[in-house]
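Undergrad: Could you work out the structure for the sequence below:
(one chain, ligands or ions: 2)
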Amino acid sequence: MAQVVAIINQKGGVGKSTTAVNLSAALGMLGKRVLVVDFDPQGNATSGFGLDKDELKLDVYNALMDSTPIKETISHDATEGVDVAPATIQLAGAEIELVSVMARESVLRYVLEDVRDEYDFIFVDCPPSLGLLTVNALVAADSLLIPIQCEFYALEGLTKLLESMRMVKGRLNPTLDIFGVLMTMHDVRTTLSRQVVDEVREYFGDKVFESVIPRNVKLSEAPSHGLPVCLYAPTSKGAIAYDALAQEVVDRG
Ligand SMILES: Nc1ncnc2c1ncn2[C@@H]1O[C@H](COP(=O)(O)OP(=O)(O)OP(=O)(O)O)[C@@H](O)[C@H]1O
Ligand SMILES: [Mg+2]
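TA: Numbering: from 1, shown residues only. Ligands and ions are numbered 1, 2, ... in the order given. As a prediction, the model looks like this:
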């Protein structure tokens with residue numbers, strides 16, 4: 001049975017999609033079977049794997065809203081071991097249309113039941129908000145992977161995320177837990193980056209991954225080539241960091 005991990009932080013641009021793509025690809029290389037569910041209408045994880053959004057006939061929206069089996073939306077072997085349930089801008093409609101659906105917070109959970117036994121990991125790349133899509137991810141997930149950018153005010157806003165987590169845990173998903181906290185866009189040259197890492201470690205303790213993702217230009221270039229960094233620039237610092245993270249994720253199980 002797959003472990004369902006939501007990659008979540010309502011703050012924008014902290015490295016959620018970059019982590020969804022590159023961690024999944026690295027796990028695929030380690031022989032794991034991975035499904036990436038793109039749960040953001042921006043579709044950054046979808047294009048990060050080189051899928052052309054204009055050519056997709058079905059996406060996660062169809063699985064959520066018109067009972068299309070999620071299997072029919074999946075693109076297989078985007079990279080070795082990795083399947084993708086893609087998103088297009090169509091998914092933005094779900095945020096509104098879900099409001100009137102029965103058990104609206106649990107739709108993704110039901111949708112994923114169909115594929116859980118086919119993967120080792122299912123990663124849900126969340127949008128930068130705490131709306132109904134994100135709540136669905138919180139209900140569907142076994143655990144959360146929270147990327148935090150190494151910058152001033154890094155912890156700001158996290159209280160809100162943890163509050164949402166507690167709320168969902170209390171009412172709909174009692175076993176929800178934090179899988180890990182990931183420091184992203186770290187710059188070894190700055191004391192600020194070091195301070196932020198220390199501060200986050202103090203707050204989250206051993207939930208914080210040992211692996212820290214450096215700021216690395218190859219990570220920002222790779223999506224425009226539709227490739228994860230392990231294929232675009234396999235010897236880059238970014239690729240090495242995501243490989244190390246993948247190993248850590250396997251060890252944490
Ligand atoms: N470690 C890194 N080094 C350099 N650039 C990075 C790194 N991680 C992410 N980026 C770049 O920063 C931008 C934001 O990253 P990303 O899209 O992964 O964040 P996000 O949290 O998914 O954003 P959103 O909230 O909009 O979904 C992207 O342009 C990405 O290429
Ligand atoms: Mg994103």
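
Undergrad: Name the nearest residue to the residue in the stretch 101-250 of the chain that ligand 2 sits nearest to, sequence neighbours excluded.
TA: Here the stretch 101-250 of the chain gets closest to ligand 2 at one residue, residue 125, 6.0 Å apart by C-beta to the ion. In this view, the C-beta of every residue, glycine as well, is placed from N, C-alpha and C. Excluding its sequence neighbours, the residue lying closest to residue 125 (C-beta to C-beta, 6 or more residues apart in numbering) is residue 20, at 3.9 Å.

Undergrad: wait, isn't that neighbour in contact with residue 126?
TA: No: the pair residue 20 and residue 126 does not pass the contact test of C-beta atoms under 8 Å, sitting 9.0 Å apart.

Undergrad: just to revisit the earlier point, give the phi and psi angles for the residue of the stretch 101-250 of the chain closest to ligand 2, as a check.
TA: Main-chain torsions, residue 125, degrees, to the nearest 10: phi -80, psi 110.

Undergrad: isn't it right up against residue 18?
TA: No: look at residue 125 against residue 18 with C-beta under 8 Å: they stay out of range, at 9.7 Å.

Undergrad: In this structure, which residue sits closest to ligand 2?
TA: For the chain, C-beta to the ion, closest residue to ligand 2: residue 17, 3.2 Å.

Undergrad: and that residue, how many residues sit next to it?
TA: If you count neighbours by other C-beta atoms under 10 Å, residue 17 ends up with 26.

Undergrad: Doesn't it lie inside a strand?
TA: No: read with DSSP: H, G, I helix; E, B strand; the rest coil, residue 17 is helix and lies in no strand.

Undergrad: list the buried ones in stretch 115-130?
TA: 115, 119-128, 130 (16 or more other C-beta atoms under 10 Å).

Undergrad: Just the ones of the residues you listed in strands?
TA: Among those, the members falling in strands (DSSP state E) are 121-125.

Undergrad: re earlier: would you mind listing the residues touching both of residue 20 and residue 126?
TA: Overlap of the contact sets of residue 20 and residue 126 (by C-beta atoms under 8 Å, 6 or more residues apart in numbering) consists of residue 7.

Undergrad: Help me confirm that residue 4 comes into contact with residue 142.
TA: Yes: at 5.0 Å, residue 4 and residue 142 qualify as touching, with contact defined as C-beta under 8 Å.

Undergrad: And the two? Which one has more around it.
TA: Shown here are residue 4 and residue 142; by other C-beta under 10 Å, residue 4 has more neighbours (22 against 16).

Undergrad: Alright, that wraps it up for me.
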